[in-house]
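Novice: 3D, please:
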Amino acid sequence: MWIIYAFGAALFAGLTSILAKIGIQNTDSNLATALRTGIVVIFAWVIVFAGNLHHALFDISSKSLFYLILSGLTTGASWIFYFRALQLGNVNVVVPIDKSSTIITMLLAIILLGEPVTLLKIICMTLIGIGTYMMIQKQDAAQSADSSMKWIWYAGLSAFFAAITAILGKVGIEGVDSNLGTAIRTIVVLIMAWLIVFMTRKQGDIKKIDKKSWIFITLSGLATGMSWLLYFKALQEGQASIVVPIDKLSILVTIIFAYIVFKEKLSLKAFIGLILLISGTLLLLL
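Specialist: Residues are numbered from 1 along each chain as shown. The predicted structure follows:
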């Protein structure tokens, strides 16, 4: 069943990237992240109360709470860097770099969580790594000059913190309902996101957000909430070194919608890379 949850998480994560890209076109990325997180918090806690899970809040061990808070902090960091990169770069160049967190997560899961190493898993990691590398395309010269290529650093940092998040989250939700764990994490992310907004003094820009941006920021928040709930449910029941790569198949959803919505196209090299990435991920299910 966790495999279904993982694929569901991938679907909603892919939609999140597109909806967020539209929502932050005319909005500061940090402010948009904070607003999106607010939507996720409301969504997550509605699920908790609807499932009568809030009574278990005081039964959570200090160890689980510690790791859930840490995973919330790394999630916040990953989001902030990711949406800044998404604001500066094309979806098709930012997302593959962000998804490179898959390899980092798989290695950490093997080293830190003691998950089994098999020849098939090594082959799959190699295919995913090569595929991800081949998918990293250059932006148009004009765009690269405008952003000073900073999006590469932001996307790289996003990948690093995303990998750490998966490991911390896996440890944090042991013995804790995944929906409740997700709700706790989102509060940490919300606090972190708004602290950054106030530090950069962008809170006043909320008055400048147009109706279209509000709609897509809200939709991206709801998509993120669904993705998170399904992702951490899958992570609780399955191996992180398998769940995470499946979740990263969201790149396929993102690329399809990026073509439809933004007319962003893949080069032949990037397309071959995508095939390798998908093949490596699906082989993990054998």
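
Novice: quick one: Phe262 from Ala183, how far?
Specialist: The spacing between Phe262 and Ala183, counted by Cβ to Cβ, to the nearest Å, is 33 Å. For the C-beta atoms, the positions are set from N, CA and C on the backbone; glycine is no exception.

Novice: packing partners of the helix or strand that Phe271 is a member of?
Specialist: Of the helices and strands defined by DSSP states H and E, Phe271 is found in helix 268-283. In terms of contacts (3 or more Cβ pairs under 8 Å, 6 or more residues apart in numbering; DSSP states H and E), helix 268-283 is packed against helix 91-98, helix 119-135, helix 240-247, helix 250-262.

Novice: looking only at neighbour counts, state which of Phe262 and Ala183 leads.
Specialist: Comparing Phe262 with Ala183 by other Cβ atoms under 10 Å, the one with more neighbours is Ala183, at 27 against 14.

Novice: could you give the average pLDDT over stretch 225-245?
Specialist: If you average the pLDDT over stretch 225-245, you get 89.

Novice: list the buried residues for it?
Specialist: By neighbour count with 16 or more other Cβ atoms under 10 Å, stretch 225-245 contains the buried residues 225-236, 238-245.

Novice: helices of this protein, start to end?
Specialist: Secondary structure of the chain by DSSP state H: the helices cover 2-23, 29-50, 62-88, 91-98, 101-112, 119-135, 141-147, 150-172, 178-199, 211-237, 240-247, 250-262, 268-283.

Novice: which one of those lies nearest to Ala56?
Specialist: Among the helices of the chain, helix 178-199 comes nearest to Ala56, with 6.0 Å by Cβ to Cβ.

Novice: buried stuff in the closest one?
Specialist: Of the residues in helix 178-199, those with enough neighbours to count as buried (16+ other Cβ under 10 Å) are 178-190, 192-194, 196-197.

Novice: list the contacts of that helix.
Specialist: With Cβ atoms under 8 Å, 6 or more residues apart in numbering as the test, helix 178-199 has contacts from 30-31, 33-34, 37-38, 40-41, 44-45, 47-48, 51, 53-54, 56-57, 60, 64-65, 68-69, 71-73, 75-77, 79-80, 169, 172-173, 203, 228-229, 232-233, 235-236.

Novice: what residues sit buried inside stretch 262-271?
Specialist: 264, 266, 270.
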